[in-house]
Structure formats: C-alpha cells, structure tokens
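# I would like the atomic coordinates for the input below:
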Amino acid sequence: MVNKYLLREYYELCEGGLCQDFLTESEKREIKEDGVMYLTGVIQRAKAKNQNGRIYPRNVLEREIENYQKIVRDQRALGELDHPEDSVVNLKNVSHLMTQVWWEGDNVMGKCKVLNTPSGQILQSLVHSGVKLGISSRGMGSVHEDRQGNTIVEDDFNLICFDFVSDPSTIGAFMNLQEGKGVRNIYTKADRINRLLNDITRD
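Below you'll find the predicted structure:
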C-alpha cells in the first residue's frame with residue numbers, strides 16, 4: 001500500500017511582491033482607487049529539485065495546474081495564511097484568492113488577490129509592515145526515490161491550494177518588499193512535522 005503525504009513546497013514572489021507587467025488595467029485601477037492588494041510570482045516549478053529534496057515531473061504538474069485553473073476560473077481557488085495541519089482549505093482562515101495561474105518555461109506563475117477577511121487583513125498588514133512572506137503549494141501525494149537518490153513525486157499527486165507562510169524552507173524563497181526591513185522566522189508545529197515526513201520519505 002502506497003502512503004500519501006501532505007506535500008508543501010515554497011517559492012518566492014516578484015520583487016516587492018508584485019510584478020506590474022502581470023496586472024490588467026482594471027486591476028491597476030483597483031489597487032490605485034480601492035486599495036486592493038495583488039501578489040504575483042513563481043508558485044511552483046517542474047523538473048527541478050526543491051529545498052525539500054523533491055522533484056515534480058512536468059506531466060504531473062501540467063495535469064494538476066490544468067485542473068486547478070478550472071477552480072481559478074470558478075473563483076474558488078482560495079488559500080490560507082500560514083501552515084494548516086490538514087489537507088482541507090478552512091474558510092475561516094482564508095486570506096486570498098488565486099486569480100490567474102500560467103506557465104513560463106518550467107515555472108508555474110500565479111497571481112492572487114488579497115481578500116478583506118480577518119486573515120487577509122493580517123496578510124495585508126504584514127506586507128505593508130515589510131515582513132517577508134513566501135508562497136507555499138499544498139497537495140497530497142506519494143513519492144519514490146530514483147537511482148540517483150532524487151525524491152520524485154508520484155503520478156497520484158493532487159494539488160490542493162497555495163498558502164502564504166512566514167518561514168519558507170527554500171533558501172531565499174521570500175516575498176522581497178521594496179521598503180521592508182523586518183524579517184520574522186517562525187517555526188510552526190506543521191513545519192517540524194513536514195520536515196520529519198521529508199526525512200522519512202528520503203530514508
């Protein structure tokens with residue numbers, strides 16, 4: 001019987017958390033006139049070993065991103081602030097809505113709108129205060145080790161959502177804020193569990 005684990009991966013967003021070239025004119029107006037916050041950047045990557053030692057095959061990610069884009073179009077692609085400890089998106093903790101996901105080479109790019117929820121307001125406050133944040137993909141799947149010792153994510157991987165976190169395990173995988181100076185390193189219980197699972201799957 002194959003064991004499926006909760007897999008989390010972390011990536012950095014654009015400089016300042018926002019790539020202007022990715023915004024539509026209406027989104028730019030929302031930012032200017034209504035104070036809406038959009039965040040953009042790399043949210044996943046295919047065929048490259050990440051800091052957790054895992055490699056996502058291109059065909060696996062292509063399938064999951066295609067399925068996820070259906071949720072994006074239905075405006076149901078919600079994410080949470082910080083690490084949840086399960087595979088369910090909890091509405092009470094939702095902070096943002098993914099509005100667009102696309103490929104650039106082997107990079108999966110994403111754009112999200114920060115919502116006016118309690119968690120979304122905290123996220124906005126953290127960004128305005130200069131706290132560096134990373135983006136984290138969350139999914140369920142099993143892994144195997146190839147002959148080169150790489151941990152390969154299996155075809156049964158199921159992408160759940162993308163969350164914002166304060167302590168990415170990927171070196172340098174933070175949202176770089178243009179005027180921010182403060183950085184908080186917070187190791188949650190979920191971080192320790194995830195690192196333990198990573199060690200187990202590599203053994």
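# Which parts of the protein are strands?
5-11, 38-45, 54-55, 78-80, 94-104, 107-114, 134-141, 143-145, 151-153, 158-165 (DSSP state E).
# So what sits opposite the residue nearest to the spatial centre of the chain in the bridge?
The centre of the chain sits closest to residue 136, judged by C-alpha atoms, centre = their mean, with a distance of 2.7 Å. Assessed by DSSP bridges, residue 136 has beta-bridge partners residue 10, residue 163.
# how distant is whichever helix in the chain runs longest from the center of its chain?
Under DSSP state H, the helix in the chain containing the largest number of residues is helix 58-73. With C-alpha atoms, centre = their mean, to the nearest Å as the basis, helix 58-73 stands 14 Å off its chain's centre.
# And it, what does it pack against?
strand 94-104, strand 158-165 (3 or more C-beta pairs under 8 Å, 6 or more residues apart in numbering; DSSP states H and E). C-betas here are computed from N, CA, C, even on glycine.
# Give me the mean pLDDT for it.
The pLDDT scores in helix 58-73 average 96.
# Residues touching it, excluding its own?
Residues from elsewhere that reach helix 58-73 (C-beta atoms under 8 Å, 6 or more residues apart in numbering): 44, 46-47, 77, 98-101, 103, 106, 108, 139, 153-155, 157-159.
# Recalculate using a threshold of 6 Å.
46, 47, 77, 98, 101, 108, 155, 157, 159 (C-beta atoms under 6 Å, 6 or more residues apart in numbering).
# Buried residues, it. List them.
60, 61, 64, 65, 68, 72 (16 or more other C-beta atoms under 10 Å).
# for stretch 41-53, same thing?
41, 42, 43, 44, 45, 46, 50, 52.
# pLDDT and distance to residue 132 added to those, as CSV?
Listed next are those as CSV, based on pLDDT from 0 to 100; distance: C-beta to C-beta, whole Å:
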residue, pLDDT, distance to residue 132
41, 80, 12
42, 82, 15
43, 87, 16
44, 89, 19
45, 90, 19
46, 92, 25
50, 80, 18
52, 77, 19
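# Return the closest of these with respect to residue 125.
When the buried residues of stretch 41-53 are ranked by distance to residue 125 (C-beta to C-beta), residue 41 comes first, at 19.8 Å.
# Give me the phi and psi angles of residue 115.
With angles defined as degrees, to the nearest 10, residue 115 shows backbone torsions of phi -90, psi 160.
# low-confidence ranges in the chain?
1-3, 5, 8-21, 83, 167-203 (pLDDT under 70).
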